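1. Build me a structure from this.
(one chain, ligands or ions: 2)
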Amino acid sequence: MTDPLSDYPVGATPLDPDEMEGLRFPHITTRGQLDELEQANIETGLRWLSRLRRRDILTDEFVIALHKRLFGEVWAWAGTFRRTEKNIGIDPLQIGIELRTLMDTARFWKDHQTYMPAEAALRLHHRMVQIHPFPNGNGRHARIAADLILERIYNDRPVDWAGGHDLQKMNDRRIAYIAALRAADSHDFGPLLAFAGVALR
Ligand SMILES: Nc1ncnc2c1ncn2[C@@H]1O[C@H](COP(=O)(O)OP(=O)(O)OP(=O)(O)O)[C@@H](O)[C@H]1O
Ligand SMILES: [Mg+2]
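-> Ligands and ions are numbered 1, 2, ... in the order given. I've put the predicted structure just below:
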């Protein structure tokens with residue numbers, strides 16, 4: 001089938017034909033229908049999360065399982081790594097090792113209190129979307145993962161990502177979010193912290 005996600009917001013990853021094959025609802029034709037199905041799946045995933053009691057959430061195994069819970073009812077490839085190059089993301093062959101390194105690093109940050117909770121979560125979020133482990137859903141997955149870590153690991157409040165907007169649509173909030181991620185690509189985390197309402201120490 002053709003790609004119903006024709007009008008991508010800036011900073012989104014288009015799907016290739018192989019990935020479109022993984023759509024579990026082959027009859028949908030519009031982006032709006034797909035958004036609704038994905039949103040329903042995410043809500044089911046969030047209910048699973050709210051019941052979840054496991055403590056090892058700072059692991060690659062857990063974040064992969066989380067992606068599958070958030071998107072697996074819609075996409076057959078949920079919870080599996082991307083195999084193709086995208087407009088964002090590292091070499092697909094490096095995803096496994098880089099994701100494991102990231103989660104090991106995040107555990108180190110926690111054990112050594114390297115950063116304030118919000119900064120640790122935002123640095124993890126940035127590196128996760130920079131790796132871009134999955135064919136799609138990386139932004140939503142990595143925002144949920146960052147919030148989960150803030151709440152469960154750091155006993156802190158989640159980030160107000162949307163700030164009263166719809167972060168998945170083109171608006172000033174999304175533009176600021178993507179610009180902040182790009183600054184973080186150049187090792188400047190100030191804009192991402194400011195975006196999340198966190199002052200630099
Ligand atoms: N320059 C960049 N560097 C790092 N990450 C980026 C960059 N541009 C975009 N991103 C991230 O990639 C995400 C888009 O990837 P993808 O389409 O896989 O996820 P998504 O959940 O469908 O995204 P969204 O729901 O935000 O549209 C953005 O939400 C953002 O988190
Ligand atoms: Mg997307």
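2. Show me the shaky parts of the chain.
-> Where the chain drops to pLDDT under 70, the residues are 1-11, 199-201.
3. Tell me which helix or strand the residue in it that ligand 1 sits nearest to sits in.
-> At 2.2 Å from ligand 1, residue 139 is the closest residue in the chain, using CB to the nearest ligand atom. C-beta: built from backbone N, CA, C; applies to glycine. Secondary structure from DSSP states H and E places residue 139 in helix 138-152.
4. Ok, residue 43 next?
-> If you go by DSSP H and E, residue 43 is part of helix 31-51.
5. Could you check how many residues crowd around residue 163?
-> The local packing of residue 163 (other CB atoms under 10 Å) involves 15 other residues.
6. If I follow the layout properly, residue 167 ends up in contact with residue 173?
-> Yes: using CB atoms under 8 Å, residue 167 makes contact with residue 173 at a distance of 6.0 Å.
7. Now residue 190. Its backbone dihedrals?
-> Per-residue torsions, residue 190: phi -50, psi -50 (degrees, to the nearest 10).
8. I'd like the distance between residue 153 and residue 162.
-> Plainly put, residue 153 is 22 Å away from residue 162 if you go by CB to CB, to the nearest Å.
9. Between the two, which is the more surrounded one?
-> Per other CB under 10 Å, whichever of residue 153 and residue 162 has more neighbours is residue 153, with 18 against 14.
10. Residue 82 versus the more buried one, what's the distance?
-> 26 Å.
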